[in-house]
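Student: I'll drop the sequence and a predicted model, then ask my questions.
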Amino acid sequence: MKLYGILGSRAVRSIWAAEEVGVDYELVQTSFLEESKTPEYLAINPNGRIPALVDGDLVLFESMAINLYLAKTYGGKLYPNDPHDEARAIQWTIWGMTELEPHLIPMVLHKVFLPEDQRDPAVVTSAEAAVERPLGVLDAQLSDREYLLGGDFSIADLNLAGALSTANFAKFDISKFENVARWMSRCTGRPSFARVQTK
Ligand SMILES: N[C@@H](CCC(=O)N[C@@H](CS)C(=O)NCC(=O)O)C(=O)O
């Protein structure tokens, strides 16, 4: 199995999933600049983005699709068996991509990644305001449970914490969302997350 990507990108969440499930894989260091635009790489992911996964005949792009596949195929209890919990895991995964990430990416771009003369503080202000509502929703969800689906860490947590880790890069303080902050520490305290940082 080959996973394409690098740290400091959305590939982190798929590297984390591969580490969490403990599958044997090769991380093919591929940046989001020129390396993801070569003809060889575009044959794997025509979007020219990272991450991508090749597992035998399966060629897959989209980080969350990769993570759901890894968890379901190799993750044992990481992927919920019960159809209702499976639906909830998919719900939180999609929610992370649609309700959180659209605010977190402009935030990190305009605070950290773009050259200083291209950063727009108004984008940051607007993104920081917009992210409050979904973080409030997440905080309420986590008020009576350790993890999104209950007492056990699942792919729902990994996917959502993976998306929310962009807030950390963006130096956005989540501490006022106390349940979210505690949950995030639990998730990123896993040995698999520590191994990701060595890649
Ligand atoms: N929705 C995609 C987004 C992937 C994505 O945009 N990756 C960025 C790096 S964080 C990238 O490869 N950008 C290169 C480009 O857009 O040219 C996913 O989650 O896999």
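Tutor: Alright, I've got the coordinates.

Student: can you give me the helices in this structure?
Tutor: Along the chain, the segments classed as helices by DSSP state H run 11-21, 39-44, 63-74, 83-95, 101-108, 121-130, 132-141, 155-169, 178-188, 191-196.

Student: which of the ones you listed sits most buried?
Tutor: Sort these by mean neighbour count, taking mean count of other C-beta atoms under 10 Å, and helix 11-21 sits at the top with a mean of 26. Every residue, glycine included, has its C-beta placed from N, CA and C.

Student: How much space separates the most centrally placed residue in the chain from the ligand?
Tutor: The chain has Gly162 as the residue nearest its centroid, 2.9 Å off, counting by C-alpha atoms, centre = their mean. Separation of Gly162 from the ligand (C-beta to the nearest ligand atom, to the nearest Å): 9 Å.

Student: Likewise for Lys171?
Tutor: 17 Å.

Student: One more: Asp117?
Tutor: From Asp117 to the ligand the distance is 21 Å (C-beta to the nearest ligand atom).

Student: thinking again about what came up before, export the helices of the chain to a markdown table and tack on mean pLDDT?
Tutor: Shown next, in a markdown table, are those (pLDDT from 0 to 100):
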| stretch | mean pLDDT |
| --- | --- |
| helix 11-21 | 98 |
| helix 39-44 | 97 |
| helix 63-74 | 98 |
| helix 83-95 | 98 |
| helix 101-108 | 96 |
| helix 121-130 | 97 |
| helix 132-141 | 97 |
| helix 155-169 | 95 |
| helix 178-188 | 97 |
| helix 191-196 | 96 |
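
Student: Output those in CSV; the columns should cover distance to Val28.
Tutor: What follows is the helices of the chain, written out as CSV (distance: least, C-beta to C-beta, whole Å):
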stretch, distance to Val28
helix 11-21, 10
helix 39-44, 9
helix 63-74, 13
helix 83-95, 24
helix 101-108, 24
helix 121-130, 32
helix 132-141, 33
helix 155-169, 19
helix 178-188, 24
helix 191-196, 15
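
Student: To Val54, which of those helices lies closest?
Tutor: helix 39-44 (6.3 Å; C-beta to C-beta).

Student: give me every residue that touches Tyr41.
Tutor: Tyr41 sits next to Tyr4, Thr30, Glu35, Gly48, Ala52 when contact means C-beta atoms under 8 Å, 6 or more residues apart in numbering.

Student: if we go to 7 Å?
Tutor: Neighbour list for Tyr41: Tyr4, Thr30, Glu35 [criterion: C-beta atoms under 7 Å, 6 or more residues apart in numbering].

Student: Tell me the one of those residues nearest Leu138?
Tutor: Nearest member of the contacts of Tyr41 to Leu138, counting by C-beta to C-beta, is Tyr4, at 29.6 Å.

Student: Up against the ligand, what does the protein have?
Tutor: Residues of the chain lying close to the ligand by C-beta under 6 Å from any ligand atom are Ser9, Arg10, Phe32, Ser36, Gly48, Arg49, Ile50, Pro51, Glu62, Ser63.
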